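Participant: what would the 3D arrangement of this be:
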Amino acid sequence: MAKDLIIEKLKESGLKGRGGGAFPVGLKWELAKKAKGKIKYVICNASEGEPNVFKDGYLLKNHLDEVINGIDIAMKTISAETGYLYINSNYYEEMKEKIAQAIGKKKIIVFKKKARYIGGEETAICESIEGKRAEPRKKPPFLTDNGLFNCPTLMNNVETFYYVSKVVQGKYEKKRFYSVNGDVENPGVYELPEEMTIFEVLKKTSNYPAFDFFAQIGGGASGEIMIMEELNRPATGAGSITIYNKKKTDVFALMERWAEFFHLGNCDKCVPCREGAYRLYEMVKKRKLDYDILDNLFLSLRESSFCALGRGIPVPFISLIEKVIKK
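Facilitator: I've put the predicted structure just below:
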(Lines give C-alpha, C1' and ligand atoms only; values in the text may rest on other atoms or scores of the structure.)
Protein backbone atom coordinates (compact mmCIF):
# COMPACT_ATOMS: atom_id res chain seq x y z
CA MET A 1 0.00 0.00 0.00
CA ALA A 2 1.30 3.47 -0.93
CA LYS A 3 2.73 5.56 1.92
CA ASP A 4 0.28 8.45 1.45
CA LEU A 5 -2.63 6.02 1.28
CA ILE A 6 -1.66 4.50 4.63
CA ILE A 7 -1.61 7.93 6.25
CA GLU A 8 -5.00 8.76 4.71
CA LYS A 9 -6.42 5.48 6.02
CA LEU A 10 -5.11 6.31 9.49
CA LYS A 11 -6.69 9.75 9.32
CA GLU A 12 -10.01 8.36 8.11
CA SER A 13 -10.02 5.75 10.88
CA GLY A 14 -9.83 8.44 13.57
CA LEU A 15 -7.28 6.32 15.43
CA LYS A 16 -5.67 8.18 18.32
CA GLY A 17 -2.52 7.28 20.23
CA ARG A 18 -3.11 4.91 23.12
CA GLY A 19 -0.13 5.94 25.19
CA GLY A 20 -2.13 8.52 27.13
CA GLY A 21 -1.83 11.64 24.95
CA ALA A 22 -4.55 10.62 22.45
CA PHE A 23 -2.83 12.51 19.60
CA PRO A 24 -4.27 11.66 16.14
CA VAL A 25 -2.07 8.92 14.68
CA GLY A 26 -2.50 9.92 11.03
CA LEU A 27 -1.41 13.49 11.72
CA LYS A 28 1.60 12.37 13.75
CA TRP A 29 2.73 10.02 10.99
CA GLU A 30 2.26 12.75 8.39
CA LEU A 31 4.45 15.12 10.40
CA ALA A 32 7.16 12.47 10.67
CA LYS A 33 6.94 11.66 6.96
CA LYS A 34 7.24 15.32 5.93
CA ALA A 35 10.04 16.11 8.40
CA LYS A 36 13.35 16.93 6.73
CA GLY A 37 16.11 14.45 7.39
CA LYS A 38 17.91 11.69 5.51
CA ILE A 39 17.84 9.43 8.57
CA LYS A 40 14.63 8.74 10.47
CA TYR A 41 13.65 6.37 13.26
CA VAL A 42 10.57 4.60 14.57
CA ILE A 43 10.25 3.66 18.24
CA CYS A 44 7.64 1.41 19.84
CA ASN A 45 7.28 2.39 23.48
CA ALA A 46 6.77 -0.89 25.34
CA SER A 47 8.16 0.41 28.62
CA GLU A 48 4.87 -0.03 30.50
CA GLY A 49 5.68 0.06 34.21
CA GLU A 50 2.97 1.89 36.14
CA PRO A 51 1.18 -0.14 38.84
CA ASN A 52 -2.04 -1.87 37.72
CA VAL A 53 -1.33 -1.11 34.04
CA PHE A 54 -0.63 -4.26 32.03
CA LYS A 55 -2.48 -4.14 28.70
CA ASP A 56 0.66 -3.60 26.60
CA GLY A 57 2.22 -6.66 28.21
CA TYR A 58 -0.94 -8.58 27.30
CA LEU A 59 -0.66 -7.43 23.69
CA LEU A 60 3.00 -8.38 23.43
CA LYS A 61 2.23 -11.85 24.74
CA ASN A 62 -0.89 -12.45 22.65
CA HIS A 63 -0.61 -10.25 19.54
CA LEU A 64 3.11 -9.71 19.03
CA ASP A 65 3.02 -10.28 15.26
CA GLU A 66 0.47 -7.49 14.76
CA VAL A 67 2.54 -5.12 16.91
CA ILE A 68 5.74 -5.85 14.95
CA ASN A 69 3.78 -5.49 11.70
CA GLY A 70 2.60 -2.05 12.84
CA ILE A 71 6.20 -0.98 13.52
CA ASP A 72 7.26 -2.29 10.09
CA ILE A 73 4.43 -0.36 8.41
CA ALA A 74 5.55 2.81 10.20
CA MET A 75 9.16 2.36 9.08
CA LYS A 76 8.12 1.96 5.46
CA THR A 77 5.65 4.84 5.62
CA ILE A 78 8.07 7.49 6.90
CA SER A 79 11.14 5.95 5.18
CA ALA A 80 12.92 4.96 8.38
CA GLU A 81 15.64 2.35 7.99
CA THR A 82 15.74 1.45 11.68
CA GLY A 83 13.09 0.80 14.30
CA TYR A 84 13.39 0.23 18.05
CA LEU A 85 11.32 -1.85 20.42
CA TYR A 86 11.97 -0.09 23.74
CA ILE A 87 10.70 -2.72 26.13
CA ASN A 88 10.15 -3.25 29.83
CA SER A 89 12.99 -5.53 30.94
CA ASN A 90 10.61 -7.98 32.63
CA TYR A 91 8.60 -8.38 29.43
CA TYR A 92 11.78 -8.94 27.47
CA GLU A 93 13.06 -11.67 29.76
CA GLU A 94 9.72 -13.48 29.48
CA MET A 95 9.52 -13.21 25.69
CA LYS A 96 12.98 -12.71 24.19
CA GLU A 97 12.89 -15.80 21.96
CA LYS A 98 9.38 -15.05 20.73
CA ILE A 99 10.35 -11.42 20.05
CA ALA A 100 13.43 -12.43 18.06
CA GLN A 101 11.33 -14.79 15.98
CA ALA A 102 8.64 -12.15 15.32
CA ILE A 103 11.19 -9.55 14.25
CA GLY A 104 13.06 -11.95 11.99
CA LYS A 105 15.14 -10.03 9.45
CA LYS A 106 13.36 -6.71 9.97
CA LYS A 107 15.72 -3.96 11.05
CA ILE A 108 14.11 -3.54 14.47
CA ILE A 109 16.46 -3.27 17.44
CA VAL A 110 15.29 -4.46 20.85
CA PHE A 111 16.37 -2.07 23.61
CA LYS A 112 15.67 -3.10 27.19
CA LYS A 113 14.46 -0.33 29.46
CA LYS A 114 17.08 0.33 32.14
CA ALA A 115 15.71 3.44 33.82
CA ARG A 116 13.04 4.08 36.41
CA TYR A 117 9.44 4.94 35.54
CA ILE A 118 10.42 8.27 33.96
CA GLY A 119 12.40 6.20 31.45
CA GLY A 120 9.10 5.66 29.63
CA GLU A 121 8.67 9.36 28.79
CA GLU A 122 9.26 9.79 25.05
CA THR A 123 12.24 12.14 25.17
CA ALA A 124 13.79 10.20 28.07
CA ILE A 125 13.55 7.10 25.88
CA CYS A 126 15.63 8.84 23.23
CA GLU A 127 18.19 9.86 25.82
CA SER A 128 18.39 6.29 27.10
CA ILE A 129 18.84 4.73 23.65
CA GLU A 130 21.58 7.28 22.97
CA GLY A 131 23.43 6.01 26.03
CA LYS A 132 22.67 9.01 28.23
CA ARG A 133 20.91 9.36 31.57
CA ALA A 134 17.15 8.87 31.04
CA GLU A 135 15.92 12.42 31.62
CA PRO A 136 13.21 14.30 29.72
CA ARG A 137 14.15 16.97 27.22
CA LYS A 138 12.62 20.37 26.82
CA LYS A 139 9.88 20.51 24.17
CA PRO A 140 9.73 21.88 21.50
CA PRO A 141 11.41 20.61 19.41
CA PHE A 142 9.13 17.58 19.20
CA LEU A 143 10.30 14.12 18.25
CA THR A 144 8.86 14.24 14.75
CA ASP A 145 11.37 17.02 13.99
CA ASN A 146 14.23 16.27 16.35
CA GLY A 147 14.18 12.99 18.22
CA LEU A 148 16.58 10.07 18.43
CA PHE A 149 20.13 11.13 17.54
CA ASN A 150 18.65 14.54 16.57
CA CYS A 151 16.76 12.92 13.68
CA PRO A 152 13.00 12.90 12.91
CA THR A 153 11.48 10.16 15.04
CA LEU A 154 8.05 8.58 15.16
CA MET A 155 7.07 7.07 18.51
CA ASN A 156 3.87 5.26 19.43
CA ASN A 157 3.05 2.70 22.08
CA VAL A 158 2.30 -1.02 21.74
CA GLU A 159 -1.48 -0.73 21.48
CA THR A 160 -1.24 2.01 18.88
CA PHE A 161 0.98 -0.09 16.60
CA TYR A 162 -1.39 -3.04 17.07
CA TYR A 163 -4.30 -0.96 15.83
CA VAL A 164 -2.27 0.52 12.98
CA SER A 165 -1.90 -3.05 11.75
CA LYS A 166 -5.68 -3.52 12.03
CA VAL A 167 -6.39 -0.26 10.15
CA VAL A 168 -4.14 -1.26 7.23
CA GLN A 169 -5.78 -4.69 7.14
CA GLY A 170 -9.22 -3.05 7.08
CA LYS A 171 -10.12 -4.71 10.40
CA TYR A 172 -10.19 -1.70 12.76
CA GLU A 173 -13.53 -1.53 14.61
CA LYS A 174 -12.92 1.53 16.80
CA LYS A 175 -12.11 -0.53 19.85
CA ARG A 176 -9.45 -0.26 22.54
CA PHE A 177 -8.06 -2.35 25.36
CA TYR A 178 -9.01 -1.88 29.01
CA SER A 179 -7.26 -3.41 31.99
CA VAL A 180 -9.64 -4.05 34.89
CA ASN A 181 -8.27 -5.02 38.29
CA GLY A 182 -8.52 -4.47 42.02
CA ASP A 183 -11.54 -5.59 44.06
CA VAL A 184 -13.31 -7.26 41.12
CA GLU A 185 -14.48 -10.74 40.24
CA ASN A 186 -12.97 -10.97 36.74
CA PRO A 187 -9.72 -9.01 36.46
CA GLY A 188 -8.04 -8.95 33.07
CA VAL A 189 -7.63 -7.17 29.74
CA TYR A 190 -10.69 -6.60 27.55
CA GLU A 191 -11.09 -5.27 24.01
CA LEU A 192 -14.25 -3.16 23.86
CA PRO A 193 -15.57 -0.06 22.02
CA GLU A 194 -13.37 2.97 22.66
CA GLU A 195 -16.27 5.24 23.64
CA MET A 196 -17.72 2.80 26.17
CA THR A 197 -18.13 4.39 29.59
CA ILE A 198 -16.34 3.11 32.69
CA PHE A 199 -19.72 1.99 34.06
CA GLU A 200 -20.45 0.05 30.85
CA VAL A 201 -17.00 -1.58 30.85
CA LEU A 202 -17.50 -2.80 34.41
CA LYS A 203 -20.99 -4.09 33.62
CA LYS A 204 -19.96 -5.74 30.34
CA THR A 205 -17.07 -7.59 32.00
CA SER A 206 -19.15 -8.61 35.05
CA ASN A 207 -16.91 -6.51 37.26
CA TYR A 208 -19.34 -3.95 38.67
CA PRO A 209 -19.10 -4.35 42.47
CA ALA A 210 -22.04 -4.97 44.74
CA PHE A 211 -20.44 -2.81 47.44
CA ASP A 212 -19.59 0.87 47.89
CA PHE A 213 -16.41 1.58 45.96
CA PHE A 214 -14.23 4.14 44.22
CA ALA A 215 -12.17 3.67 41.08
CA GLN A 216 -8.83 4.89 39.82
CA ILE A 217 -8.93 5.61 36.10
CA GLY A 218 -6.11 5.90 33.56
CA GLY A 219 -3.19 4.62 35.60
CA GLY A 220 -2.52 2.76 38.83
CA ALA A 221 -0.53 5.64 40.31
CA SER A 222 -1.22 8.73 38.21
CA GLY A 223 -4.90 8.03 37.49
CA GLU A 224 -7.73 10.15 38.86
CA ILE A 225 -9.97 8.80 41.61
CA MET A 226 -13.64 8.67 40.65
CA ILE A 227 -16.61 7.80 42.81
CA MET A 228 -19.57 5.72 41.66
CA GLU A 229 -21.56 8.75 40.46
CA GLU A 230 -18.79 9.75 38.02
CA LEU A 231 -18.43 6.59 35.97
CA ASN A 232 -20.63 7.57 33.03
CA ARG A 233 -17.64 8.74 31.00
CA PRO A 234 -15.02 6.97 28.88
CA ALA A 235 -11.84 5.67 30.49
CA THR A 236 -8.86 7.88 29.74
CA GLY A 237 -5.09 7.56 29.58
CA ALA A 238 -3.83 3.99 29.59
CA GLY A 239 -7.34 2.53 29.81
CA SER A 240 -6.71 1.21 33.30
CA ILE A 241 -9.61 0.73 35.74
CA THR A 242 -8.76 -0.21 39.33
CA ILE A 243 -11.56 -0.79 41.81
CA TYR A 244 -11.21 -0.21 45.57
CA ASN A 245 -13.66 -1.34 48.23
CA LYS A 246 -14.42 1.87 50.11
CA LYS A 247 -14.82 0.22 53.51
CA LYS A 248 -11.85 -2.13 53.30
CA THR A 249 -9.26 0.10 51.64
CA ASP A 250 -6.58 1.66 53.82
CA VAL A 251 -6.34 5.04 52.07
CA PHE A 252 -3.05 5.91 53.73
CA ALA A 253 -1.48 2.66 52.56
CA LEU A 254 -2.79 3.41 49.08
CA MET A 255 -1.34 6.93 49.08
CA GLU A 256 1.94 5.59 50.43
CA ARG A 257 2.21 3.20 47.47
CA TRP A 258 1.60 6.07 45.04
CA ALA A 259 4.03 8.39 46.81
CA GLU A 260 6.75 5.75 46.97
CA PHE A 261 6.27 5.00 43.26
CA PHE A 262 6.67 8.66 42.29
CA HIS A 263 9.55 9.18 44.74
CA LEU A 264 11.49 6.22 43.33
CA GLY A 265 10.35 6.57 39.72
CA ASN A 266 11.23 10.18 38.90
CA CYS A 267 14.59 11.12 37.38
CA ASP A 268 15.67 13.64 40.07
CA LYS A 269 16.35 16.23 37.36
CA CYS A 270 14.17 19.05 38.68
CA VAL A 271 13.82 20.23 42.28
CA PRO A 272 9.99 20.47 42.41
CA CYS A 273 9.50 16.85 41.42
CA ARG A 274 12.51 15.42 43.25
CA GLU A 275 11.84 17.20 46.55
CA GLY A 276 8.06 17.35 46.20
CA ALA A 277 7.71 13.61 45.62
CA TYR A 278 9.96 12.89 48.60
CA ARG A 279 8.15 15.29 50.97
CA LEU A 280 4.83 13.83 49.89
CA TYR A 281 6.07 10.31 50.54
CA GLU A 282 7.43 11.41 53.93
CA MET A 283 4.10 12.92 54.95
CA VAL A 284 1.79 10.07 53.93
CA LYS A 285 4.14 7.53 55.50
CA LYS A 286 3.63 9.29 58.82
CA ARG A 287 -0.14 9.08 58.19
CA LYS A 288 -0.70 12.67 59.08
CA LEU A 289 -1.84 15.09 56.39
CA ASP A 290 -1.15 18.81 56.70
CA TYR A 291 -3.45 20.25 54.06
CA ASP A 292 -1.73 23.65 53.98
CA ILE A 293 1.64 22.03 53.24
CA LEU A 294 0.00 19.69 50.73
CA ASP A 295 -1.59 22.62 48.88
CA ASN A 296 1.83 24.26 48.53
CA LEU A 297 3.46 21.00 47.44
CA PHE A 298 0.79 20.35 44.82
CA LEU A 299 1.00 23.93 43.51
CA SER A 300 4.77 23.65 43.16
CA LEU A 301 4.51 20.27 41.42
CA ARG A 302 1.84 21.46 38.98
CA GLU A 303 3.41 24.78 38.09
CA SER A 304 7.15 24.16 38.31
CA SER A 305 7.90 20.54 37.38
CA PHE A 306 9.97 20.09 34.24
CA CYS A 307 7.83 17.33 32.71
CA ALA A 308 4.38 15.78 32.86
CA LEU A 309 5.31 13.24 35.52
CA GLY A 310 5.77 15.89 38.21
CA ARG A 311 2.81 17.93 36.99
CA GLY A 312 0.59 14.86 37.22
CA ILE A 313 1.56 13.71 40.71
CA PRO A 314 -1.12 15.78 42.50
CA VAL A 315 -4.01 14.24 40.51
CA PRO A 316 -4.59 10.99 42.44
CA PHE A 317 -3.95 12.57 45.85
CA ILE A 318 -6.22 15.57 45.37
CA SER A 319 -9.04 13.46 43.95
CA LEU A 320 -8.77 10.85 46.74
CA ILE A 321 -8.66 13.50 49.47
CA GLU A 322 -11.61 15.48 48.10
CA LYS A 323 -13.84 12.59 47.10
CA VAL A 324 -13.08 9.91 49.69
CA ILE A 325 -11.08 11.09 52.72
CA LYS A 326 -12.93 14.36 53.37
CA LYS A 327 -16.35 12.91 52.66
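Participant: beta partners for the nearest residue to residue 147 once chain neighbours are set aside?
Facilitator: In this structure, residue 147 finds its nearest non-sequential neighbour in residue 153, 2.6 Å apart by Cβ to Cβ, 6 or more residues apart in numbering. Placement of C-beta: from N, CA and C, glycine included. Beta bridges link residue 153 to residue 41, judged by DSSP bridges.
Participant: wait, what's in contact with residue 153?
Facilitator: 32, 40, 41, 42, 43, 126, 143, 144, 147 (Cβ atoms under 8 Å, 6 or more residues apart in numbering).
Participant: change it to 6 Å
Facilitator: Residue 153 sits next to 41, 143, 147 when contact means Cβ atoms under 6 Å, 6 or more residues apart in numbering.
Participant: for those, which one is nearest residue 235?
Facilitator: Residue 235 lies nearest to residue 143 out of these, by Cβ to Cβ, at 25.8 Å.
Participant: ok, now how distant is the nearest residue to the closest one once chain neighbours are set aside from residue 78?
Facilitator: Distances taken as Cβ to Cβ, 6+ apart place residue 153 nearest to residue 143, at 4.5 Å, with adjacent residues excluded. Here the distance between residue 153 and residue 78 works out to 9 Å (Cβ to Cβ, to the nearest Å).
Participant: cool, and residue 276?
Facilitator: Distance, residue 276 to residue 78, using Cβ to Cβ: 38 Å.
Participant: may I see the contacts of residue 153 organised as JSON lines, with distance to residue 317 added?
Facilitator: Formatted as JSON lines, those follow (distance: Cβ to Cβ, whole Å):
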{"residue": "41", "distance to residue 317": "37"}
{"residue": "143", "distance to residue 317": "30"}
{"residue": "147", "distance to residue 317": "33"}
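Participant: domain map for the protein?
Facilitator: Using automatic domain parsing, the domain parsing of the chain gives 3-168, 175-245, 251-325.
Participant: including mean pLDDT, could those go into a markdown table?
Facilitator: Shown next, in a markdown table, are those (pLDDT from 0 to 100):
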| stretch | mean pLDDT |
| --- | --- |
| domain 3-168 | 95 |
| domain 175-245 | 96 |
| domain 251-325 | 94 |
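Participant: contacting residues for residue 164?
Facilitator: Contacts of residue 164 were listed using Cβ under 6 Å, 6+ apart, and they are 70, 73.
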